[in-house]
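**Q** Attaching a predicted model along with its sequence, questions to come.
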Amino acid sequence: MTIAFLLPGDPESRTGGYIYDKRIVEGLRGLGRRVTLHRLADGFPFPGRAEIVEAIAVLRGLPDNALTIVDGLAFSVLPQQMAAEAARLRLVALIHHPLAFENGLSLAQRQSFEASERQALAAARRVIVTSPGTARDLHGYGVAAGRIGVVLPGTDPTPPAQGSGEAAPVLLCVATLTPRKGYLDLVAALQRLAALPWRLDCAGSLERDAEHAKAVLAAVERAGLSGRIRFLGEIDEPTLLRHYDRSDLFVLPSHHEGYGMALAEASARGLPIVSTTGGAIPDTVPPDAGILVPPGDIDALTAALHGLLTDPGARLRLREAGLAARARLPGWPAQAAAFAHELDLVR
């Protein structure tokens, strides 16, 4: 039976969620499963009327009893539509993290997302999440543990990073410029460390939240760091892998992550990590491979960066811990098989 996979936006987007979806689809097909990808409009999770009508048409066009996976960006904001199709389709929600956990939302938006997602998830026969942390979050949404399956992202085999070879350590941040990713916190911390030698490369889209990206760029300008912080935009995988290879320290001050694929990639390459305790990050970063601080704590973020920028020995200890742990990271073929098993549980 063909699996229908509904995904809003461009499936080639270079964000963790889209990369996960793409690799799982490829893996399912490699296992002999027939998967049809249905691309929904770009406006989710804030769809207009026309985008909702289009999504309804896609759902209604699926045959009865179709095994239907819907990414949470769309599933969670279509509660009435999911309820209407719950008896006819075998609906599976793929949740990377609850939408209400995004930063930069108004109280009304946060409450609306939570109510919508809670209602929509009631229509799913199974809910697949990308971390135990997100599974715990959804228990608070009334989703019984028996309906939730955890399928972590995979990680490709990769050689250890060579490092920049420069006197000034090169920091790397891989994240879309959105409020949740903590870029303003990072700029504030690095402003305090301007007397130290360092350079920061940031890989991630500046278009997904253009207003916030402008605010980050303005903060960099005000801090006098324009010559030391580069924004690379959304770059292709080979280019991104070269940046991992030529960096000395990975930093991601995110306020919440449903998993943190960039963190797993950095750890697999032996890059010392500075991140936060937001969401599933403590589950993703191996013990002793990184320094995790409370989200939004600029003092703690500054101290962590200062310690690693000034102590090569500390960076080496984190590197060794990350490399020692990378054998435990699951590969994509195994995770595609785990995803297929979750689908087989849907009756």
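**A** Right, received. Where do you want to start?

**Q** Could you check how far the helix or strand hosting A83 is from the centre of its chain?
**A** Using DSSP states H and E, A83 sits within helix 79-85. Put simply, helix 79-85 sits 26 Å off its chain's centre (C-alpha atoms, centre = their mean, to the nearest Å).

**Q** what sits up against it?
**A** 52, 55-56, 59-60, 68, 70, 75, 91, 116-117, 119-120, 122-124 (C-beta atoms under 8 Å, 6 or more residues apart in numbering). C-beta here means a position set from N, CA and C on the backbone, and glycine is covered the same way.

**Q** Swap in 10 Å and give it another go.
**A** Helix 79-85 is contacted from outside by 52, 55-56, 59-60, 62, 66, 68, 70, 74-76, 78, 89, 91, 93, 115-124, using C-beta atoms under 10 Å, 6 or more residues apart in numbering.

**Q** Helices of the stretch 201-347 of the chain, residue ranges please.
**A** For the stretch 201-347 of the chain, the helices defined by DSSP state H, counting those that start in this stretch occupy 210-222, 237-245, 261-268, 281-284, 298-309, 312-325, 332-344.

**Q** Would you mind finding the most buried of those?
**A** When the helices of the stretch 201-347 of the chain are scored by mean count of other C-beta atoms under 10 Å, the highest mean neighbour count falls to helix 261-268 (a mean of 25).

**Q** tell me the average confidence for that one?
**A** Mean per-residue pLDDT for helix 261-268: 94.

**Q** In terms of pLDDT, where does D248 sit?
**A** Predicted confidence (pLDDT) at D248: the value is 97.

**Q** check contacts around it.
**A** If you count contacts by C-beta under 10 Å, 6+ apart, D248 has them with 161-166, 168-172, 198-199, 271-272, 308-309, 312, 315, 319.

**Q** So which of the residues you listed are in strands?
**A** 170-172, 199 (DSSP state E).

**Q** Pull the most distant pair out of those residues.
**A** Across the ones in strands among the contacts of D248, the longest distance by C-beta to C-beta is 9.8 Å; it joins L172 and R199.

**Q** ok, these two, which is more surrounded?
**A** Using other C-beta atoms under 10 Å as the criterion, L172 and R199 rank with L172 on top: 26 against 18.

**Q** Please report the distance of the more buried one from P197.
**A** L172 sits 16 Å away from P197 when distances are taken as C-beta to C-beta, to the nearest Å.

**Q** Tell me which of the helices of the stretch 201-347 of the chain sits nearest to P11.
**A** Closest to P11 of the helices of the stretch 201-347 of the chain, according to C-beta to C-beta: helix 237-245, at 14.1 Å.

**Q** where's that closest one relative to the chain centroid, distance-wise?
**A** Relative to where its chain is centred, helix 237-245 has its mean C-alpha point 18 Å off (C-alpha atoms, centre = their mean).
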